[in-house]
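Colleague: The amino acid sequence is not available; the structure is as follows:
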Ligand SMILES: Nc1nc2c(ncn2[C@@H]2O[C@H](COP(=O)(O)OP(=O)(O)OP(=O)(O)O)[C@@H](O)[C@H]2O)c(=O)[nH]1
């Protein structure tokens with residue numbers, strides 16, 4: 001079909017180029033139709049060229065947009081990874097900070113803050129089974145004065161360890177402050193608490209602590225114990241343990257005084 005049109009065009013063209021046809025009555029009409037036809041073809045070709053270049057432009061643009069989108073996606077993934085790492089580090093740092101705020105830096109034992117929290121929880125659950133032991137190292141100032149504060153620190157840590165080890169599962173120990181420790185006993189028979197505290201004074205009395213040279217340091221502890229009584233608050237329980245400790249100090253030290 002296409003070759004027929006080519007042949008037809010060829011015939012029209014040769015007819016129009018033949019001077020003998022110039023006088024033919026249809027020559028002008030045919031010539032005009034031919035010119036019009038040619039200009040239409042030129043327009044169609046022009047439109048095809050415009051359309052092609054437009055398509056090229058769109059393809060190019062999509063490519064550029066795609067590349068930019070990929071780039072942004074990669075950046076976003078990178079930022080997400082950094083943010084994940086940052087959040088994990090932040091969580092870990094917060095956890096460490098929280099643990100540090102409840103721990104005594106010297107002995108590694110729970111501190112007063114942590115103990116008060118535990119005390120509150122135990123008190124809210126079953127106050128009637130609460131028993132406190134306030135423990136203080138005797139004449140600790142003399143150890144510091146004689147051997148220095150660093151050795152004093154070592155003794156403090158060792159006494160803390162011995163208390164923790166001796167009390168074991170029976171209670172919870174904390175460094176209450178200075179050379180003072182507090183133990184909470186909950187749901188432990190009173191007699192068993194008393195046996196444990198008596199054993200504790202023996203353990204510390206028998207212990208020998210390193211002084212850095214040949215001398216071995218000896219010390220002892222005084223203990224004041226309070227047991228929940230009707231109407232007790234956390235404060236009054238602590239005060240009664242403190243008062244018992246005071247009596248232990250005043251009656252010769254190295255002993256347990258029960259309230
Ligand atoms: N090395 C050291 N000493 C401490 C620490 N905290 C408190 N002390 C010392 O503990 C001593 C407590 O002295 P005092 O309150 O007079 O009591 P004490 O000498 O133990 O005498 P009594 O309690 O009456 O038997 C002081 O010399 C404090 O400086 C500590 O973390 N490290």
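Modeller: Received it, and whenever you're ready, just let me know what you need. None of these values were measured; they are calculated from a predicted model.
Colleague: Next, find the distance separating the residue nearest the centre of the chain from the ligand.
Modeller: Centroid-nearest residue in the chain, with Cα atoms, centre = their mean: residue 91, separated by 0.9 Å. According to Cβ to the nearest ligand atom, to the nearest Å, residue 91 stands 32 Å off from the ligand. Any C-beta I mention is one placed from the backbone N, CA and C, and that applies to glycine too.
Colleague: May I ask which helix or strand encompasses residue 223?
Modeller: Residue 223 belongs to strand 221-227 when elements are defined using DSSP states H and E.
Colleague: and that strand, what other elements does it pack with?
Modeller: Counting contacts by 3 or more Cβ pairs under 8 Å, 6 or more residues apart in numbering; DSSP states H and E, strand 221-227 packs against strand 130-137, helix 190-206, helix 234-250, strand 256-258.
Colleague: Wait, residue 155 touches residue 212, no?
Modeller: No - the criterion here is Cβ atoms under 8 Å, and residue 155 misses it with residue 212 at 11.1 Å.
Colleague: returning to what we had before: quick one: mean pLDDT for the strand holding residue 223?
Modeller: The pLDDT scores in strand 221-227 average 97.
Colleague: Check stretch 90-102 too.
Modeller: 90.
Colleague: so how far is it from its chain's centroid?
Modeller: 8 Å (Cα atoms, centre = their mean, to the nearest Å).
Colleague: Stretch 63-82 too?
Modeller: Taking mean C-alpha positions (Cα atoms, centre = their mean), stretch 63-82 and its chain are 28 Å apart.
Colleague: residue boundaries of the helices in the protein?
Modeller: Here the chain has its helices, by DSSP state H, at 2-17, 27-101, 112-125, 140-147, 149-167, 190-206, 234-250.
Colleague: Turn these into a markdown table, columns for distance to residue 226.
Modeller: As requested, the helices of the chain are exported to a markdown table (distance: least, Cβ to Cβ, whole Å):
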| stretch | distance to residue 226 |
| --- | --- |
| helix 2-17 | 113 |
| helix 27-101 | 27 |
| helix 112-125 | 12 |
| helix 140-147 | 22 |
| helix 149-167 | 16 |
| helix 190-206 | 11 |
| helix 234-250 | 4 |
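Colleague: Out of those helices, flag the one nearest residue 174.
Modeller: Residue 174 sits nearest to helix 112-125 of all the helices of the chain, at 3.7 Å, using Cβ to Cβ.
Colleague: For stretch 226-245, buried residues please.
Modeller: Buried residues in stretch 226-245, counted by 16 or more other Cβ atoms under 10 Å: 226-228, 232, 234, 237-238, 240-242, 244-245.
Colleague: Now flag whichever of these is closest to the ligand.
Modeller: Of all those, the ligand sits closest to residue 245, with 9.1 Å by Cβ to the nearest ligand atom.
Colleague: Who are the contact partners of the closest one?
Modeller: 134-136, 222-224, 257 (Cβ atoms under 8 Å, 6 or more residues apart in numbering).
Colleague: out of the residues you listed, which one sits closest to the ligand?
Modeller: Nearest to the ligand, judged by Cβ to the nearest ligand atom, of the contacts of residue 245 is residue 136 at 5.2 Å.
Colleague: Looks like the closest one contacts residue 246 (just checking).
Modeller: No - the pair residue 136 / residue 246 is not scored as a contact, 9.5 Å apart, by Cβ under 8 Å.
Colleague: Give me the more crowded residue out of these two.
Modeller: Between residue 136 and residue 246, counted using other Cβ atoms under 10 Å, the more crowded position is residue 136 (20 against 15).
Colleague: Relative to residue 82, how far out is that one?
Modeller: Here the criterion is Cβ to Cβ, to the nearest Å. By it, residue 136 lies 52 Å from residue 82.
Colleague: Then residue 258?
Modeller: Applying Cβ to Cβ, the value for residue 258 to residue 82 is 60 Å.
Colleague: Which residue comes closest to residue 128 once chain neighbours are left out?
Modeller: Nearest residue to residue 128, sequence neighbours excluded (Cβ to Cβ, 6 or more residues apart in numbering): residue 228, at 5.3 Å.
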